[in-house]
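Undergrad: Quick one: sequence and predicted model below, then my questions.
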Amino acid sequence: MKFESFSFAPEIIRAVTECGYQTMTPVQRQAIPAIRRGQDVLASAQTGTGKTAAFALPILQKIADNPKARQHSNARALILAPTRELAAQVADNFATYGQYMDIDVLTIFGGIKSASQAQKLKQGTDIIVATPGRLLEHVIACNLSLSQIEFLVLDEADRMLDMGFISDIQKILQAVNKDRQNMLFSATFSSAVKQLANEMLNKPKLINADKQNTTASTISQVVYPVEQRRKSELLSELIGKKNWQQVLVFTATRGAADEVVKELNLDGIPAAVVHSEKAQGTRRRALREFKEGKVRALVATEVAARGLDIEDLEYVVNYDLPFLAEDYVHRIGRTGRAGKTGVAISFVSREEERTLKDIEKLIGQKIKRISVPGYEVSSRDLLIKQLQKRRSFAKKQARTDNAGAQMIAEKNMQGRRVKVKSGASKAKKIK
């Protein structure tokens, strides 16, 4: 099905065509008609399936159908996102889709001076894309009124709840215009997401474009068993020998991310890092240089798992497996987007084997293993058997040692008894 089928404004069709979009994805085919009809929507779709366009295009069309002058400290549409990166990306998408319309889009998140944001908010805008915490600060400071909001979107709702934004979201729901259309998009439908949906949505259209917690068929997944201490060495070797030009690498901690970047640069592979301790300007520069090809590897923590949108990204490497199996799906979803192919590589140490089993159970498939000569990891079962043999030998040795000690003790006791007897005989003779 093509976008022209839904009678979008010529300005929107022109922008979509220039983006290279031809046919709609499953989530777009289901969500766009429902949103155009004014229904609330509760949608689940894997990342990279075009869900931003699924809510952005019909919102833009509805605004075009009912033009209004901008009001001071007000907006018509509010999109909440969990991270700065995702908020910036969604705002960019809105601006791209509405580039031939008279549409103003404002992005609100932390890391940027609040005063400059407040000034722009007071001028009024059409669409606000924001993280919950910073948005609530502006509402409390009376820089923004949510009384005129017509469209409210929660993007990556499960992620926002995981990050502890539930209190901020509930306060925003209390402040926002009650006569509005709601859209909640989530990669997973946890009990917390369902509860939020019950509070927020009114008879929503349920959309489940893909089986929950599955990975896109366009992504090839492989596992490299490797000792934890040799992961950075293997990463450099793979990037160098296979000539990977654009690799997104995920680590478990900020410290690990910094260390990986240091090692890659020492090996002559240009690399940059993105995590929460880096300033917003530094993170933007790293992402820009990665997109431009100035750095070959971008190393990130979980904060970037859903916020990065890198066109034609071919390789994603899980340097460390995520703590939650569900996050594996979100990480590798950075590649294989919009029908294009991608490769997801996971380095798995002996200690991460259990996490890998949880991931395979979640996605319903066994991931192919590739052993690299020189990086082999000893079998966990073999190690357990060796350990059991050692313990058994130790116990046997202990029993042998105890038996020998007992024999020596008995001999000593006999010697003492003999001495006592002979002493007694001597005493009798003296008498």
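TA: It's in.
Undergrad: only C-alpha atoms for contact and neighbour calcs from this point on.
TA: Noted.
Undergrad: buried set for stretch 22-32?
TA: Neighbour-count burial for stretch 22-32 flags 24-32 (criterion: 16 or more other C-alpha atoms under 10 Å).
Undergrad: can you put those residues in CSV and add secondary structure?
TA: Output for these, formatted as CSV (DSSP: H, G, I helix; E, B strand; the rest coil):
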residue, secondary structure
24, coil
25, coil
26, helix
27, helix
28, helix
29, helix
30, helix
31, helix
32, helix
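Undergrad: could you dump these to JSON lines with pLDDT?
TA: Shown next, in JSON lines, are these (pLDDT from 0 to 100):
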{"residue": "24", "pLDDT": "87"}
{"residue": "25", "pLDDT": "85"}
{"residue": "26", "pLDDT": "86"}
{"residue": "27", "pLDDT": "89"}
{"residue": "28", "pLDDT": "92"}
{"residue": "29", "pLDDT": "91"}
{"residue": "30", "pLDDT": "92"}
{"residue": "31", "pLDDT": "94"}
{"residue": "32", "pLDDT": "95"}
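Undergrad: which one of those is nearest residue 183?
TA: Residue 183 has its nearest neighbour among those in residue 31, at 9.5 Å by C-alpha to C-alpha.
Undergrad: what's the closest residue to that closest one other than its chain neighbours sitting at in phi/psi?
TA: Spatially, and ignoring its direct neighbours in sequence, residue 31 is nearest to residue 54 (5.9 Å; C-alpha to C-alpha, 6 or more residues apart in numbering). Here is the backbone geometry of residue 54 (degrees, to the nearest 10): phi -60, psi -30.
Undergrad: quick revisit: now flag whichever of the buried residues of stretch 22-32 is closest to residue 174.
TA: Top of the list for closeness to residue 174, among those and by C-alpha to C-alpha, is residue 31 at 25.5 Å.
Undergrad: So which residues of the stretch 1-150 of the chain form strands?
TA: Here the stretch 1-150 of the chain has its strands, by DSSP state E, counting those that start in this stretch, at 41-44, 77-80, 105-108, 127-130.
Undergrad: what's the most buried one of the ones you listed?
TA: Among the strands of the stretch 1-150 of the chain, strand 127-130 has the highest mean neighbour count (mean count of other C-alpha atoms under 10 Å), at a mean of 26.
Undergrad: ok, residues contacting it?
TA: With contact meaning C-alpha atoms under 8 Å, 6 or more residues apart in numbering, strand 127-130 is reached by 75-81, 84, 87-88, 90-91, 103-109.
Undergrad: mind listing what that strand pairs with, with the direction of each?
TA: For strand 127-130, the paired strands and their directions (DSSP bridges) read strand 77-80 (parallel), strand 105-108 (parallel).
Undergrad: and residue 373, which of the ones you listed is closest to it?
TA: strand 77-80 (47.2 Å).
Undergrad: what sits up against the closest one?
TA: 59, 87, 126-132, 149-155.
Undergrad: Just the closest of the residues you listed to residue 243, please.
TA: Relative to residue 243, and with distances defined as C-alpha to C-alpha, the nearest of the contacts of strand 77-80 is residue 87, at 32.3 Å.
Undergrad: Sounds good, over and out.
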